[in-house]
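1. sequence-free structure coming up:
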């Protein structure tokens, strides 16, 4: 919650939901875990159930090419 406290102006939790805020992570397990912890800390522990935010996992497969989340 420290991140949320420090950067509260980045997201207003009074906005009607959905639509959810979408955030992304590359497909490695450790990166997904980190993103989930970020989501819980910034959007609240129940962010997935409440639909305040949604984590999208981006494939790191070579056939997907390079993007901002892979070393492709």
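-> That came through fine. Given the structure is predicted, the values throughout are model-derived calculations rather than measurements.
2. When you work out contacts or count neighbours from here on, use the C-alpha atoms and nothing else.
-> Will do.
3. any idea where the helices of this protein begin and end?
-> Counting by DSSP state H, the chain has these helices, from start to end: 2-6, 29-43, 47-50.
4. Adding mean pLDDT, distance to residue 22 and mean neighbour count, write those out as CSV.
-> Compiled in CSV, these are given as follows (pLDDT from 0 to 100; distance: least, CA to CA, whole Å; neighbours: other CA atoms under 10 Å):
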stretch, mean pLDDT, distance to residue 22, mean neighbour count
helix 2-6, 79, 16, 11
helix 29-43, 92, 10, 16
helix 47-50, 86, 11, 14
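5. which residues does the residue most central in space within the chain contact?
-> With distances taken as CA atoms, centre = their mean, the residue of the chain nearest its centroid is residue 23 (3.3 Å). Under the criterion of CA atoms under 8 Å, 6 or more residues apart in numbering, the contact list for residue 23 reads 53-56.
6. Of these, which is the most crowded?
-> Counting by other CA atoms under 10 Å, residue 53 has the largest number of neighbours within these, with 22 neighbours.
7. Might one say that that one is in contact with residue 45?
-> No. In this structure, residue 53 is not within contact of residue 45 by CA atoms under 8 Å, at 10.9 Å.
8. between these two, what contacts are shared?
-> Counting by CA under 8 Å, 6+ apart, the residues touching both residue 53 and residue 45 are residue 39.
9. quick revisit: export the helices of the chain to TSV and append columns for distance to residue 13.
-> Converted to TSV, the helices of the chain look like this (distance: least, CA to CA, whole Å):
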stretch	distance to residue 13
helix 2-6	11
helix 29-43	8
helix 47-50	11
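10. So for residue 60, which of those helices sits nearest?
-> helix 29-43 (11.3 Å; CA to CA).
11. Contacts for the closest one, please.
-> Contacts to helix 29-43, defined as CA under 8 Å, 6+ apart, come from residues 1-4, 24-26, 45-47, 52-53, 55, 57.
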